[in-house]
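Q: fold the following for me, if possible:
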Amino acid sequence: MASNVFQMFVAKTQLLTLSENVATISCPNSYIASLNQQRYHSFFKSALDNQTKSDIIVNFIIQDPIPSSDNLQNAPLFTFTPPKPISNSNLHPKYTFDNLIVGNSNNFAFAAAQGIVQKPGISYNPFFIWGGVGVGKTHLMQAIGHELLRNNPSLKIRYFPAETFGNELISSLKGKTINQFKDKYRQLDCILVDDIQFIAGKEYIQEEFFHTFNALHMAGKQVILTSDRKPSDIDKLEDRLVSRFMGGLTVDIQPPDYEMRSAIIMQKASEKGIDIDLDAVQFLADHLQSNTRDIEGKIQEISVKSLSQGLTHVDKSFVENYFSPQSNSSTNIFPSGEKLTPRHLISVCARHFNVKTGELTGNSRKKELVSARHITAYLLLTETNLPLKEVGHLLGGRDHTSIMHARDKVTADLTTNHTIRQLINQIKSDL
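A: Okay, the predicted model is just below:
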């Protein structure tokens, strides 16, 4: 059983009674009770059968945990010890395998991560994870780091964004400490580099990272990288780096499917101290079809609203009321007001201009593509309220001044060009 499933559905149960070959197991809410009965019944039964040497009938009930005592039947069925936070590796203590939800969208990446944990530097090296915003790339990467340190605390592991690498390199050049900079990174046993696409187009930073990568890789050290796109699609990334990055295993993580969204909603609600009905979980999973980060934000909204009303139990009617178009919530999740995602907006714009999404976010300076890109940037700013930097990132890594220029140009065109106004209104109607 995966550790995240164990933590979510098993570790929160208690064995209340065990008599006449019948075991009664308490679950903190209806959702966990239902999932344990439907999916993990055999796990519980097997564990109890092995312990009692009997054929046990397992019943799940909904009941708050009983405080621990000397009575073993009131103790948790299974125990779990979380990893100790690591202070010198830059790893976030919450990004572990224990609270990583695994589903169809990231199952292959998770399986590969387990291989790295067993044989770091050998199984998959480098390990390149790519996917959209908020799908869990950083969580998975840091979870590998935590697990490696749990297995071998003496390992020298460091997590850092690619932008940090570049900034430190520049500082070392100014301070004439380049040798110390090189030693800092090349003596590590494993590097976890987030958003590697940010070194694209920066020649000297790419050159230094290339040599750092080679030094580590040739020494059998583990390299793990994340990006918002696969190596071959990163504009202005040197061919030799593309070749190195694709020399190991490249995996993508997609937005979560329905079952995975349900598990995420339940986990995040539990972390916020909220008991949520199965119907409410299903309702949210049906309507929150973006990424893990957005789902967490919505659960945060729900928890704040419910706790402000003195509620720790959330049902479907509460969720429907809170996110209805008539509510005061900043956003709602009904079809008439479903939250717009940047990826969907870019896709709609590409369809309107009859171009591929990759062309719209690429480097081509063809007049028709530049115009389409300007309008897409304008809509990303006005319809999703993204900051300039994030819009530039989505549209091929352009800087904020380019996005400002696009916004200002389209704004000016709207006052004089009826065709532009009509086109933008058509796109908005399809969002």
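Q: pLDDT value on Val223, please?
A: Each residue has a pLDDT score; the one for Val223 is 97.
Q: for it, grab the count of nearby residues.
A: 22 (other Cβ atoms under 10 Å). No exception for glycine: its C-beta is placed from N, CA and C like everyone else's.
Q: distance-wise, check the nearest residue to it once chain neighbours are set aside relative to Lys119.
A: Nearest residue to Val223, sequence neighbours excluded (Cβ to Cβ, 6 or more residues apart in numbering): Pro126, at 4.0 Å. According to Cβ to Cβ, to the nearest Å, Pro126 stands 14 Å off from Lys119.
Q: next: Asn59.
A: Taking Cβ to Cβ, one finds Asn59 at 42 Å from Lys119.
Q: ok, Ile346 next?
A: Using Cβ to Cβ, Ile346 is found at 39 Å from Lys119.
Q: how about Asp239?
A: Using Cβ to Cβ, Asp239 is found at 29 Å from Lys119.
Q: which one of these two is surrounded by more residues?
A: Taking neighbours as other Cβ under 10 Å, Asp239 and Lys119 compare with Lys119 leading, 11 against 8.
Q: now do the more buried one against Ile191, distance only.
A: Using Cβ to Cβ, Lys119 is found at 17 Å from Ile191.
Q: phi first, then psi, for Asn59.
A: Main-chain dihedrals, Asn59, degrees, to the nearest 10: phi -120, psi 140.
Q: surely it is in contact with Ser26?
A: No: using Cβ atoms under 8 Å, Asn59 is not in contact with Ser26; the gap is 10.1 Å.
Q: tell me which of the two has more neighbours.
A: The residue with more neighbours, out of Asn59 and Ser26, is Ser26; 21 against 12, by other Cβ under 10 Å.
Q: could you find the closest non-adjacent residue to Phe44?
A: Of all residues beyond its chain neighbours, the one nearest Phe44 is Val58 (5.1 Å), with distances taken as Cβ to Cβ, 6+ apart.
Q: quick one: the helices in the stretch 201-350 of the chain?
A: Using DSSP state H, counting those that start in this stretch, the helices assigned to the stretch 201-350 of the chain run over residues 203-218, 239-245, 258-271, 278-287, 292-308, 316-322, 342-352.
Q: now, of the ones you listed, which is deepest in the fold?
A: Highest mean neighbour count of the helices of the stretch 201-350 of the chain: helix 258-271, a mean of 21 (counted as mean count of other Cβ atoms under 10 Å).
Q: got a list of contacts for it?
A: For helix 258-271, the surrounding residues in contact (Cβ atoms under 8 Å, 6 or more residues apart in numbering) are 8, 12, 28, 31-32, 99, 101-106, 256, 275-276, 281-282, 284-286, 288-289, 292, 295-296, 299-300, 302-303, 314.
Q: got it, and stretch 204-217?
A: With Cβ under 8 Å, 6+ apart as the test, stretch 204-217 has contacts from 125-126, 162, 165-166, 169, 182, 185-186, 188, 191, 199-200, 222-223, 237-238, 240-241, 244.
Q: may I see the PyMOL selection of the buried members of those residues?
A: Burial among the contacts of stretch 204-217 is assessed by 16 or more other Cβ atoms under 10 Å; the matching PyMOL selection reads:
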select buried, resi 125+126+162+165+166+169+182+185+186+188+191+199+200+222+223+237+238+241+244
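Q: and the protein, what are its domain boundaries?
A: 3-74, 97-253, 258-318, 342-430 (automatic domain parsing).
Q: which of those domains has the lowest average pLDDT?
A: Among the domains of the chain, domain 3-74 scores lowest, with a mean of 76.
Q: what's the offset of that domain from the middle of its chain?
A: Distance of domain 3-74 from the chain centroid (Cα atoms, centre = their mean, to the nearest Å) equals 30 Å.
Q: same check, this time on stretch 378-396
A: Its chain's C-alpha centre and that of stretch 378-396 lie 20 Å apart, by Cα atoms, centre = their mean.
Q: could you tell me the end-to-end distance of it?
A: Taking Cα to Cα, to the nearest Å, stretch 378-396 runs 15 Å from one end to the other.
Q: contact partners of it?
A: 228, 235, 340-342, 345-346, 349, 360-363, 373, 376-377, 398-400, 402-404, 406-407, 410-411, 424, 427-428, 431.
Q: show me which of those residues are buried.
A: By 16+ other Cβ under 10 Å, the contacts of stretch 378-396 give 228, 340-342, 345-346, 349, 360-362, 373, 376-377, 398, 402-403, 406-407, 410, 424, 427 as buried.
Q: you'd agree Gln289 is up against Asp257?
A: No: if you go by Cβ under 8 Å, Gln289 and Asp257 don't touch, sitting 9.2 Å apart.
Q: neighbour count winner among the two?
A: Gln289 (18 against 13).
Q: tell me which residues touch that one, please.
A: Taking Cβ under 8 Å, 6+ apart, we find Gln289 in contact with 255, 261.
Q: let's number from 14 now, not from 1
A: With the count now opening at 14, the last piece we talked about shows up as Gln302.
Q: how near is it to His387?
A: On the measure of Cβ to Cβ, Gln302 and His387 end up 28 Å apart.
Q: got it, and Gln210?
A: For Gln210 relative to His387 (Cβ to Cβ), the value is 22 Å.
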